[in-house]
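J.: here is my input, please return the structure:
(2 chains)
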Amino acid sequence: GQNIDQPTEMTATEGAIVQINCTYQTSGFNGLFWYQQHAGEAPTFLSYNVLDGLEEKGRFSSFLSRSKGYSYLLLKELQMKDSASYLCAVRGPGFQKLVFGTGTRLLVSP
Amino acid sequence: DSGVTQTPKHLITATGQRVTLRCSPRSGDLSVYWYQQSLDQGLQFLIQYYNGEERAKGNILERFSAQQFPDLHSELNLSSLELGDSALYFCASSVDKGGTNEKLFFGSGTQLSVL
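T.: Numbering: from 1, shown residues only, chains lettered A, B, ... in the order given. Presented below is the predicted three-dimensional model:
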């Protein structure tokens, strides 16, 4: 099976940088995804890592260490609209379903 | 807009009733996934269909069932509803050609309230 842990909630200030951590345990690994979900809305894809290292995409970056079962999502130059839940999800062996963590609710204040 | 269509957006019903949620995947996507999201809980995987066949099953209750039709749309049937079934139900789709980097595209969800 798979187990995914993320902090429940984080707060940060507009313009700052925040790092959201995710640790996972899985019997097989075929990639880690980060999704953003605004309250009551659909999750939307942010990033994907399957090899160790950092993937950068504008203000958002995601890092993976497979040996440590660890990932983080880095958000730079925070904006008010970044207030949302950030979901870490792992693709295990076999088929394509994603197993999601409970998500980290990020509150960005002025 | 993800291209995944879910209807209805909201559903209010009583305990013991039966409802059907509908999902149309993105054009060209063969896989449909159903997830349940309750307050303070993450997205819980229920079931996946690929090109009409059940492919993977998660924590789906026996009172729940799903199917995928030849035109690839999918329906999730929830019966003998209980208060605890109140949740946001998401459908997602992917092309599912076997690539590990294939992402899931989510519909806007159906908010089910059981009173």
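J.: my read is that residue B:45 contacts residue A:99, right?
T.: Yes. Counting by Cβ atoms under 8 Å, residue B:45 touches residue A:99, with 6.4 Å between them. No exception for glycine: its C-beta is placed from N, CA and C like everyone else's.
J.: where's residue A:110 relative to residue A:16, distance?
T.: Residue A:110 sits 11 Å away from residue A:16, going by Cβ to Cβ, to the nearest Å.
J.: wait, residue A:35
T.: Residue A:35 is 22 Å from residue A:16, by Cβ to Cβ.
J.: looking at those two now, which is surrounded by more residues?
T.: Between residue A:35 and residue A:16, residue A:35 has the larger neighbour count (other Cβ atoms under 10 Å in any protein chain shown), namely 24 against 13.
J.: next SSE after the host helix or strand of that one?
T.: Assigned by DSSP states H and E, residue A:35 belongs to strand A:32-37. Downstream of strand A:32-37, the next assigned helix or strand under DSSP H and E is strand A:44-49.
J.: quick check: buried residues in that following strand?
T.: A:46-49 (16 or more other Cβ atoms under 10 Å in any protein chain shown).
J.: check stretch A:63-75 too.
T.: By neighbour count on 16+ other Cβ under 10 Å, the buried set for stretch A:63-75 is A:63-64, A:69, A:71-75.
J.: what's the answer for stretch B:92-112, then?
T.: Judged by neighbour count using 16+ other Cβ under 10 Å, the buried positions of stretch B:92-112 are B:92-96, B:102-112.
J.: sorry, back to before: hmm, the strand holding residue A:35 in reach of chain B?
T.: Yes. Interface with chain B: strand A:32-37 contributes residue A:33 (Cβ under 8 Å from any Cβ of the partner chain).
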